[in-house]
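**Q** sequence first, then the predicted structure:
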Amino acid sequence: MLKKFINGNIYVFTTKKFKKDQPSEDTKKYSWPAEINGNKVDEILRTCHGYYICPEWCKCIRQK
């Protein structure tokens, strides 16, 4: 699991990792994780479609 973002790497948000990191009752409350699953995380703001994203919820798809 990622502990921090590394500048220059490209990340995508994954619902699977989000669910592993969050209590199950929290994951059922939100629809946004499914909506942004697989989308690229902004390299500078660390957001995805307006949501702030934790590194634990991401998969690195390209390293610098």
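**A** Ah, there it is. This is a predicted model, so every value here is computed, not measured.

**Q** and whichever strand or helix holds Lys16, how far out from the chain's middle?
**A** Under the criterion of DSSP states H and E, Lys16 resides in helix 15-21. Put simply, helix 15-21 sits 9 Å off its chain's centre (C-alpha atoms, centre = their mean, to the nearest Å).

**Q** buried stuff in that helix?
**A** 15, 17-18 (16 or more other C-beta atoms under 10 Å). Every residue, glycine included, has its C-beta placed from N, CA and C.

**Q** now the element after the lowest-mean-pLDDT helix or strand in the chain, going C-ward?
**A** Comparing helices and strands within the chain by mean pLDDT, DSSP states H and E singles out helix 24-29 as the least confident, with a mean of 78. Beyond helix 24-29 in the direction of the C-terminus, DSSP H and E gives the next helix or strand as helix 32-36.

**Q** got a list of contacts for that following helix?
**A** For helix 32-36, contacts defined as C-beta atoms under 8 Å, 6 or more residues apart in numbering pick out 13, 15, 18-19, 27, 48-49, 51.

**Q** shouldn't Cys58 be in contact with Lys4?
**A** No: using C-beta atoms under 8 Å, Cys58 makes no contact with Lys4, being 10.6 Å away.

**Q** ok, Lys40 - contacts?
**A** For Lys40, the contacting residues are 10-12, 48, taking C-beta under 8 Å, 6+ apart as the criterion.

**Q** what about 7 Å?
**A** Contacts for Lys40 (C-beta atoms under 7 Å, 6 or more residues apart in numbering) come out as 10, 12.
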